[in-house]
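# the following block contains a protein sequence and its predicted model.
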Amino acid sequence: MNEQVPEAMRWSTENCTISRTMRILGDKWTFHVLREIFVGVRRFEDIRARAELPRQVLTERLAALIERGIIRRHPYRLPGQRERYEYRLTQAGLDLYPVLVALIQWGDQYLPLDDGPPIVPQHRGCGEEVSVVLQCAAGHEPTPREVAIRPGPGAQPRALAG
């Protein structure tokens, strides 16, 4: 019997883009922190209170996001107090907006609430709802089944088990 082996089995996952990205974004608290910064909550105590994060967890997530260039610290000082920091998105952080919107879309479709969505991404310019769509370089909007993940120039052959 000749079993057909999927093409993907020939390629290594050691340098996989998804794996490398999830090392940074994959724990359950990272997107909670990013959600707060995306909606304009930028100060440590405000993030901690709204996201209901333990202080140490928030400290670690903020440090990791800074180290990876996703957010940056911006100093501020309230009258009579010491200098503190706000956390703001870098360009790499802003480029995560479509990921956040995709998570919102997926959650609203597959985990709907009876009262409707608790947050809605809207275009500031016109007020219309924003959504994420797949689009190829030629402008087509393929369905997920019409998209193939192919080996790219950085793909490495998979070492065969001996």
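Yes, it's here. Given the structure is predicted, the values throughout are model-derived calculations rather than measurements.
# quick check: closest non-adjacent residue to residue 48.
Of all residues beyond its chain neighbours, the one nearest residue 48 is residue 58 (5.1 Å), with distances taken as CB to CB, 6 or more residues apart in numbering. C-beta here means a position set from N, CA and C on the backbone, and glycine is covered the same way.
# so the one you found sits in a strand?
No: looking at residue 58 with DSSP: H, G, I helix; E, B strand; the rest coil, it is helix, so not inside a strand.
# residues contacting it?
29, 33, 44, 47, 48, 51 (CB atoms under 8 Å, 6 or more residues apart in numbering).
# give me the ChimeraX select line for the residues you listed, limited to the buried ones.
Buried residues among the contacts of residue 58 (16 or more other CB atoms under 10 Å), as a ChimeraX selection:
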select :33,44,47,48,51
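# which of the contacts of residue 58 fall in helices?
Among the contacts of residue 58, the members falling in helices (DSSP state H) are 33, 44, 47, 48, 51.
# can you redo those residues as JSON lines with pLDDT and distance to residue 149?
Output for those, formatted as JSON lines (pLDDT from 0 to 100; distance: CB to CB, whole Å):
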{"residue": "33", "pLDDT": "96", "distance to residue 149": "29"}
{"residue": "44", "pLDDT": "97", "distance to residue 149": "39"}
{"residue": "47", "pLDDT": "97", "distance to residue 149": "35"}
{"residue": "48", "pLDDT": "97", "distance to residue 149": "38"}
{"residue": "51", "pLDDT": "94", "distance to residue 149": "33"}
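# nearest to residue 20 among those?
Distance to residue 20 across the ones in helices among the contacts of residue 58 (CB to CB) is lowest for residue 33, with 19.4 Å.
# surely the closest one and residue 60 touch.
No: counting by CB atoms under 8 Å, residue 33 stays clear of residue 60, with 9.9 Å between them.
# contact partners for residue 65?
Neighbouring residues of residue 65 by CB under 8 Å, 6+ apart: 24, 30, 33, 34, 71, 87, 93.
# much appreciated, bye for now.
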